[in-house]
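1. Kindly generate the corresponding structure for this input.
(one chain, ligands or ions: 1)
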Amino acid sequence: MDRPIRIALTKGRLEKDTVRLLESLGYDCTAVHEKGRRLILPIPDGNMEVVLAKAADVITYVEHGVCDMGVVGKDTLMEMNGKLFELVDLGFGRCKFALATKKDHPFYDGFGVKTIATKYPNVTRAFFERKGMDVDIVKIEGSVELAPLLGLADGIVDIVETGTTLKENGLAVVEDVAKISARLIVNTVSLKMRQQEIEALVRKVEEKINDPADQV
Ligand code: PRP
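-> Take a look at the predicted model:
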């Protein structure tokens, strides 16, 4: 038998919904629930195994073919622009990219070049290029909301889910940039070499997420 189909899952926010989806398809995810510090976890009966990784690494592993499939947010896919197939919008992990600034601050006023802080410089560059607007981009690794509060940036491009972080820090959305949700991705070679297994799994996933009576 071939090695198990290896699926890279994004640790953290998407993990619970992804495991719930796999369980709803009948896969035994006990090993994932009892993982401890283990990072590669078998799914018995499915000839599958799950790898837990950070979002950007999910894309890297799938792009390089060491994982056949992956579940990752559209945010990271937009930022990394990898060579892989994005097959299914899984519908969970919904949030958005937004441009935000200090509440009641007229972002577009004035003539100077604006400074934008973000974890997502490529997404930010593309957004302002579409507007034909020249901006300086500063890469921040986390808690991007700090940058305008500390006076480093005029605005941020970041993920907004509930809006609580913006609100509690006196910031507000100026404009939505893009909708985000979790996507099922597949390595291009795996899709050819293990087409039947992968297509069967993709079909099961699509049936599940499109069944209104059986939403995960
Ligand atoms: C994300 C994002 C915002 C926050 C938005 O950060 O960067 O800060 O969540 O969520 P909300 O709209 O529900 O408040 P995350 O928690 O991933 O931490 P980080 O910014 O430190 O990476």
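2. Please identify the helix or strand for residue 107.
-> Take DSSP states H and E as the rule and residue 107 turns out to sit in neither a helix nor a strand.
3. now swap in residue 70 and tell me
-> Following DSSP H and E, one finds residue 70 within strand 69-73.
4. Could you list every helix and strand in contact with that strand?
-> With contacts defined as 3 or more CB pairs under 8 Å, 6 or more residues apart in numbering; DSSP states H and E, the secondary structure elements packing on strand 69-73 are strand 5-10, helix 55-63, strand 182-186. For glycine as for every other residue, the C-beta is placed from the backbone atoms N, C-alpha and C.
5. what's the closest of the ones you listed to the ligand?
-> Between the ligand and these, the tightest spacing by CB to the nearest ligand atom is seen for helix 55-63, at 9.9 Å.
6. Which other helices and strands does that closest one contact?
-> Counting by 3+ CB pairs under 8 Å, 6+ apart, the packing neighbours recorded for helix 55-63 are strand 5-10, strand 69-73, helix 74-80, strand 182-186.
7. where does this protein dip in pLDDT?
-> Counting by pLDDT under 70, the low-confidence segments of the chain come to 1, 214-216.
8. Residues of it that sit close to the ligand?
-> Near the ligand, the residues belonging to the chain are 142-145, 158-165 when assessed by CB under 6 Å from any ligand atom.
9. Show me which of those residues are buried.
-> Burial by neighbour count, 16 or more other CB atoms under 10 Å: within those this picks out 144-145, 158-160, 165.
10. I'd like to know which of those residues are part of helices.
-> Among these, the members found in helices (DSSP state H) are residue 165.
11. Mind listing what's buried along the longest helix belonging to the chain?
-> Longest helix of the chain, by residue count under DSSP H: helix 195-210. Within helix 195-210, the residues scored as buried using 16+ other CB under 10 Å are 197-198, 201-202, 204-205, 208-209.
12. what's the distance between the most centrally placed residue in the chain and the ligand?
-> The residue lying closest to the centre of the chain (CA atoms, centre = their mean) is residue 73, at 1.4 Å. From residue 73 across to the ligand, the span is 10 Å (CB to the nearest ligand atom, to the nearest Å).
13. okay, now the domains of this structure?
-> Domain assignment of the chain by automatic domain parsing yields the ranges 5-93+181-209, 95-179.
14. Could you give the separation of the shortest one from the chain centroid?
-> Taking the mean of its C-alpha atoms, domain 95-179 sits 18 Å from the chain's own mean (CA atoms, centre = their mean, to the nearest Å).
15. Straight-line length of it, end to end?
-> As for domain 95-179, its first-to-last residue distance stands at 6 Å under the measure CA to CA, to the nearest Å.
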